[in-house]
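Chemist: only geometry, no sequence info:
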């Protein structure tokens, strides 16, 4: 082609395939996402506070938009290539042509290679941070705040507050990590579409065996002997009389190499293999128990009431006993009102000289409220009114103590009671002991027997030995290491603590 002056006209350069709406949109999305990610990472590095939403934006959501933008760039290139091919463009080659002898192409290749390396490096960092973030306590406990708030708050007040959620719920290894993420995908769906139950049901089904999680720190072979423990109970009388029980907890344990395994840890797999069947989802009704000793001898104990037939035993799901059968609330304990007030009073957070403080505190904590805010307001209003109307002198002389009691009762409520999710000590029973829940007596009720008449004993001294009991200034005599009830109730045979002690005071 020649121009009007007779000279040859230079050919117009062919527009690059990237010059199309889809690729330009993808480029803009990628650049904006990358800039936002870098900005959020900078904020995270400079801010000492943990923010779950910043992490999920920086390491999960925005990287998704970045990848979507890169995908749009590629798709736009393919669409543009197909469009030009249909128009019969002669400059299109079947495959990309790279000529490193061409300075322009060489510069582009080096720039592209550098960008790719940088992108892969940042992607590797981001992927690791995404993995690390999804394993963090902040992600587990605060992201779905309203749903997981009861578990997160109780966890912070537990003995495992410095142990990450994933160390117990997932453990080590890629297999269980993948299973947890697949399970988590359904949980995200449940939260988004409000399909979750209230409260979140427990126990968790298909939980990783305790041998692979709990026993990484707690070895039954290393927990043996007895432990001295003091139980402090304040009465519901005007003086809030303190009763103390000192006892030895026969934890037991040990190993076959060092001697006989005894005590509570006799149940564990180091000495015996205990298998059981539960009739309910909460594992509170256990009609069948099997014991297998190291020599392979097997004993079956069947409950007198609700006994299962051989066909039912064969078809029922059997669980092998491990740590969580008793330690079922190791990190999310919802403490009953009675125990919570006992602990606060003994710690000096509440003035025990205030008349009937124990009774009134437990009564307030045991009420049913629709929201936490309503409970907090009622506690402040009603405790103040109680002393103002019934103990005018105490009210005027000890206003600070009353206000401190209000603050402490409110703290207890906000830590262990969550009406929005229907969570408290009754919804998530703690199987340790047998004072507020049936616990040990699920099996140790004297009613599980073998065919030969051997019984799972209901003997208190199997697990603990009472040293002494003190009520106020009076010492109660202890007989044979057995607990002596401070009130003469006559023959206690067949009675359980839970027949009277419910966690919210005594049954009337």
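Modeler: In hand now; what should we look at? Model, not experiment: these values are computed from the prediction.

Chemist: Any idea which residue is closest to the centre of this protein?
Modeler: Among the residues of the chain, the one closest to the centroid is residue 151, at 5.2 Å (C-alpha atoms, centre = their mean).

Chemist: which SS class is the residue lying closest to residue 157 once chain neighbours are set aside?
Modeler: Of all residues not flanking residue 157 in the chain, residue 415 sits nearest, at 5.3 Å (C-beta to C-beta, 6 or more residues apart in numbering). Heads up, the C-betas are built off the backbone N, CA and C, glycines and all. Put simply, residue 415 is helix when judged by DSSP: H, G, I helix; E, B strand; the rest coil.

Chemist: State the pLDDT value of residue 415.
Modeler: On pLDDT, residue 415 comes in at 96.

Chemist: Now do the SS call for the closest residue to residue 58 other than its chain neighbours.
Modeler: Computed as C-beta to C-beta, 6+ apart, the closest residue to residue 58 that is not its neighbour in sequence is residue 40, at 3.9 Å. What three-state DSSP gives for residue 40 is helix.

Chemist: What segments of the stretch 51-200 of the chain are helices?
Modeler: 52-56, 62-86, 103-134, 137-142, 145-156, 165-169, 174-192 (DSSP state H, counting those that start in this stretch).

Chemist: rewinding a little: and the residue nearest to residue 58, what pLDDT?
Modeler: Taking residue 40 on its own, its pLDDT is 86.

Chemist: For it, which residues are in contact?
Modeler: Counting by C-beta atoms under 8 Å, 6 or more residues apart in numbering, residue 40 touches 54, 57, 58, 62.

Chemist: I figured the third one hits residue 38, correct?
Modeler: No. In this structure, residue 58 is not within contact of residue 38 by C-beta atoms under 8 Å, at 9.1 Å.

Chemist: between those two, which one's more packed in?
Modeler: Using other C-beta atoms under 10 Å, the more surrounded residue of residue 58 and residue 38 is residue 58, with 24 against 13.

Chemist: which residues does the more buried one contact?
Modeler: Contacts of residue 58 by C-beta under 8 Å, 6+ apart are 37, 40, 41, 44, 126, 129.

Chemist: Could you tell me the phi and psi values at residue 163?
Modeler: phi -100, psi 130 (degrees, to the nearest 10).

Chemist: Test my guess that it contacts residue 218.
Modeler: No. Contact criterion C-beta under 8 Å: residue 163 and residue 218 do not qualify, at 11.0 Å.

Chemist: Any buried residues in stretch 284-298, and which?
Modeler: Neighbour-count burial for stretch 284-298 flags 286, 287, 288, 289, 290, 291 (criterion: 16 or more other C-beta atoms under 10 Å).

Chemist: Same check on stretch 153-166?
Modeler: Neighbour count says stretch 153-166 has 153, 154, 155, 157, 160, 165, 166 buried, by 16+ other C-beta under 10 Å.

Chemist: re the thing from before, list only those of the contacts of residue 40 flagged as buried.
Modeler: 54, 58, 62.

Chemist: Using TSV, lay out these together with pLDDT and distance to residue 208.
Modeler: Putting the buried ones among the contacts of residue 40 into TSV (pLDDT from 0 to 100; distance: C-beta to C-beta, whole Å) gives the following:
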residue	pLDDT	distance to residue 208
54	80	30
58	84	29
62	88	32
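
Chemist: tell me the domain boundaries of the protein?
Modeler: 21-89+102-134, 142-196, 222-330+431-483+495-499, 337-421 (automatic domain parsing).

Chemist: Under the pLDDT cut-off, which ranges of the chain? List them.
Modeler: 1-15, 50, 89-92, 220, 223-224, 254-261, 269-271, 492-493, 506-508 (pLDDT under 70).

Chemist: now with 50?
Modeler: Confidence mapping of the chain against pLDDT under 50 gives the ranges 1-2, 5, 7-8, 10-11.

Chemist: And the strands in it?
Modeler: Under the criterion DSSP state E, the chain carries strands at the ranges 227-234, 242-249, 273-277, 288-292, 298-303, 319-320, 448-449, 464-471, 474-476.

Chemist: and the last one, what other elements does it pack with?
Modeler: In this case it means strand 474-476. When contacts are defined as 3 or more C-beta pairs under 8 Å, 6 or more residues apart in numbering; DSSP states H and E, strand 474-476 packs onto strand 464-471.

Chemist: Many thanks, have a good one.
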